[in-house]
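A.B. asks: got a sequence here, can you model it:
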Amino acid sequence: MAKIVDLVLHHSDSITPDSVEDYVKAGGFEGLRKAFTMKPAAIIAEVKAAKLLGRGGAAYPAGSKWAHLLEIAEFPKYIVCNADEGEPGTFKDKLLLSQVPLQVIEGMIIAGYVFNSHDGYIYIRGEYAAIQRTFQQALDHAIEQGYLGANILGTDFCFTIHIMTGAGAYVCGENSALLNSIEGKAGRPRTKPPHLAEVGLFKKPTLVNNVETFANIPVITKIGGEKYLSYGTEESGGTKLVCLSGHVAKRGVYEIPFGITLRNIIYDPEIGGGMAAEKKLKFFHLGGQSGPCGIPKQLDTPYCYKALRNAKLSVGSGAIVVMDESVCVIDYLKSVTEFFIHECCGKCTPCRQGNQQLYIILNKFTNGTGAQDDFIKMQELIDVLTKTSFCGAGQSATVALNSCLAYFKDEFEAHIHGICPAGHCF
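C.D. replies: Okay, here's the model as predicted:
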């Protein structure tokens, strides 16, 4: 099995990002041209055959989401691209938007054609100001060349993409909060049901997919679902963009086929290249701050949705943060908890107050006042946040802590006795 695949990132480093001419020479818009010869249901069938799971983190089957929206009779329908990439350790959407924006645009146009939608929105995080300018130039050039706007490629289909900008709120990465923000409301999650396919943007049926998900659509349309599936595993079709950071030698974004192991990703010379310093791997954090942490004995787990889930790990956003033995686990968890305290929207009490209480307890361990009953308090808070928080941000805020309590309880115990294995605390 190949370690690195050039499927979604085809020619991403050899074309001018906003050049339609370069993109077409590299095979761009072939998926769109083929889509215009197909029925919407046939396109959805290819997406289903590809077993494309949502690349934003939730991993919901894209084909099922599209099929549900197609069955809804109400119009207009809106196409929304979630480019609010706020998950720490995740920067693959940034690469796609900055290097192959026309591929994301092509994916959105195909979706617009499938659902006879005439308006699409891309919500780009405010910190990506330079990328927004590049994306706007790509939109303008696509319109000039007849691939976007009125009567695309001489057909009766018209489609416009509008750029919206976020203001830096992590919670707007949640799809319903993102739609509220586009509408000019506070970026807070909605109660579901009704689902966004039924009552979405401006209370109309809406498709919301991640940047990477849309970037995969032209590929699937062009080569077919079965061919796309063959790059991955039976349960996880295609490839995944992974973001390597932390104490790994070769940090960056890599496109890998599903099925290779975590060990391959971190240690293979073609990808991570092993540890950056002469220190051992201590743990890795998968899928962003809301994902679980893993330990060396899990390195031979195949990187696919099912295998990772069975190992109590996850793909999530594709982030892989690698930590060596110089890191104090509790210090790291304090940083994770600080992030959720800062990014809490304040709507619900469990998330708003629970993360603050967890930080107080974690701080006790690092200043030498931790005690055995703090384990009980932490577990109670984990249960409350997981079961009663209003949205996924609060529900997943304690995933990293819960996994580290399972794998590193001895390190917590050592802190109770005034010992920090990493030599940082007290």
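A.B. asks: per-domain residue ranges of the chain.
C.D. replies: Annotated domains of the chain cover 20-229, 239-324, 329-416 [automatic domain parsing].
A.B. asks: how about those domains in JSON lines, adding mean neighbour count, mean pLDDT and distance to residue 9?
C.D. replies: Using the backbone N, CA and C atoms, a C-beta is placed for each residue, glycine as well. Converted to JSON lines, those look like this (neighbours: other C-beta atoms under 10 Å; pLDDT from 0 to 100; distance: least, C-beta to C-beta, whole Å):
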{"stretch": "domain 20-229", "mean neighbour count": "20", "mean pLDDT": "96", "distance to residue 9": "7"}
{"stretch": "domain 239-324", "mean neighbour count": "20", "mean pLDDT": "96", "distance to residue 9": "5"}
{"stretch": "domain 329-416", "mean neighbour count": "18", "mean pLDDT": "96", "distance to residue 9": "28"}
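A.B. asks: what's near enough to touch residue 32?
C.D. replies: 106, 109-110, 113, 147, 152-153, 218, 221 (C-beta atoms under 8 Å, 6 or more residues apart in numbering).
A.B. asks: and which of those residues is nearest residue 98?
C.D. replies: residue 106 (16.1 Å; C-beta to C-beta).
A.B. asks: give me the nearest residue to the closest one, chain neighbours excluded.
C.D. replies: residue 218 (4.5 Å; C-beta to C-beta, 6 or more residues apart in numbering).
A.B. asks: enumerate every residue touching the nearest residue to residue 167 once chain neighbours are set aside.
C.D. replies: Excluding the flanking residues, the one nearest residue 167 by C-beta to C-beta, 6+ apart is residue 126, at 5.3 Å. Going by C-beta under 8 Å, 6+ apart, residue 126 touches 165-168.
A.B. asks: and residue 126, what helix or strand is that in?
C.D. replies: Take DSSP states H and E as the rule and residue 126 turns out to sit in neither a helix nor a strand.
A.B. asks: wait, residue 182 touches residue 123, no?
C.D. replies: Yes - applying C-beta atoms under 8 Å as the test, residue 182 and residue 123 come out as touching, 6.1 Å apart.
A.B. asks: name the residues contacting each of these two.
C.D. replies: 80, 164.
A.B. asks: related to what we said a few turns ago, among the domains of the chain, which comes closest to residue 426?
C.D. replies: domain 329-416 (5.2 Å).
A.B. asks: now render the contacts of residue 32 as a markdown table, adding distance to residue 229 and secondary structure.
C.D. replies: Shown next, in a markdown table, are those (distance: C-beta to C-beta, whole Å; DSSP: H, G, I helix; E, B strand; the rest coil):
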| residue | distance to residue 229 | secondary structure |
| --- | --- | --- |
| 106 | 20 | helix |
| 109 | 23 | helix |
| 110 | 18 | helix |
| 113 | 23 | helix |
| 147 | 27 | coil |
| 152 | 28 | helix |
| 153 | 28 | helix |
| 218 | 16 | helix |
| 221 | 14 | helix |
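A.B. asks: distance to residue 288 added to these, as CSV?
C.D. replies: Listed next are the contacts of residue 32 as CSV, based on distance: C-beta to C-beta, whole Å:
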residue, distance to residue 288
106, 27
109, 29
110, 28
113, 32
147, 33
152, 36
153, 38
218, 26
221, 29
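A.B. asks: any idea how far residue 83 is from residue 31?
C.D. replies: 20 Å (C-beta to C-beta, to the nearest Å).
A.B. asks: for residue 56, that is, sorry about that
C.D. replies: Distance from residue 56 to residue 83, by C-beta to C-beta: 10 Å.
A.B. asks: same check on residue 144?
C.D. replies: Separation of residue 144 from residue 83 (C-beta to C-beta) stands at 23 Å.
A.B. asks: surely residue 257 meets residue 232?
C.D. replies: Yes - with contact defined as C-beta under 8 Å, residue 257 reaches residue 232; the gap is 5.8 Å.
A.B. asks: make a markdown table out of the contacts of residue 126 and add secondary structure.
C.D. replies: Shown next, in a markdown table, are the contacts of residue 126 (DSSP: H, G, I helix; E, B strand; the rest coil):
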| residue | secondary structure |
| --- | --- |
| 165 | strand |
| 166 | coil |
| 167 | coil |
| 168 | coil |
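A.B. asks: can you lay out those residues as CSV showing distance to residue 315?
C.D. replies: As requested, the contacts of residue 126 are exported to CSV (distance: C-beta to C-beta, whole Å):
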residue, distance to residue 315
165, 28
166, 24
167, 28
168, 25
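A.B. asks: biggest helix in this structure, by residue count?
C.D. replies: In the chain, taking DSSP state H as the definition, the longest helix is helix 349-366.
A.B. asks: can you name the element that comes right after that helix?
C.D. replies: That would be, after helix 349-366 and using DSSP H and E, helix 373-388.
A.B. asks: run the chain-centre distance for whichever helix or strand comes after that following helix.
C.D. replies: Per DSSP H and E, helix 373-388 leads on to helix 392-396 as the next helix or strand towards the C-terminus. Here helix 392-396 shows a centroid-to-chain-centroid distance of 15 Å under the convention C-alpha atoms, centre = their mean, to the nearest Å.
A.B. asks: helices or strands next to helix 392-396 in the packing?
C.D. replies: Here helix 392-396 touches helix 329-343, helix 349-366, helix 373-388, going by 3 or more C-beta pairs under 8 Å, 6 or more residues apart in numbering; DSSP states H and E.
A.B. asks: okay, and the common contacts of residue 257 and residue 232?
C.D. replies: In contact with both residue 257 and residue 232: 238-239, using C-beta under 8 Å, 6+ apart.
A.B. asks: next, give phi and psi for residue 111.
C.D. replies: phi -60, psi -40 (degrees, to the nearest 10).
A.B. asks: in this protein, which strand is the longest?
C.D. replies: strand 239-246 (DSSP state E).
A.B. asks: tell me how far that one is from the chain's mean position?
C.D. replies: That offset, for strand 239-246, works out to 11 Å (C-alpha atoms, centre = their mean).
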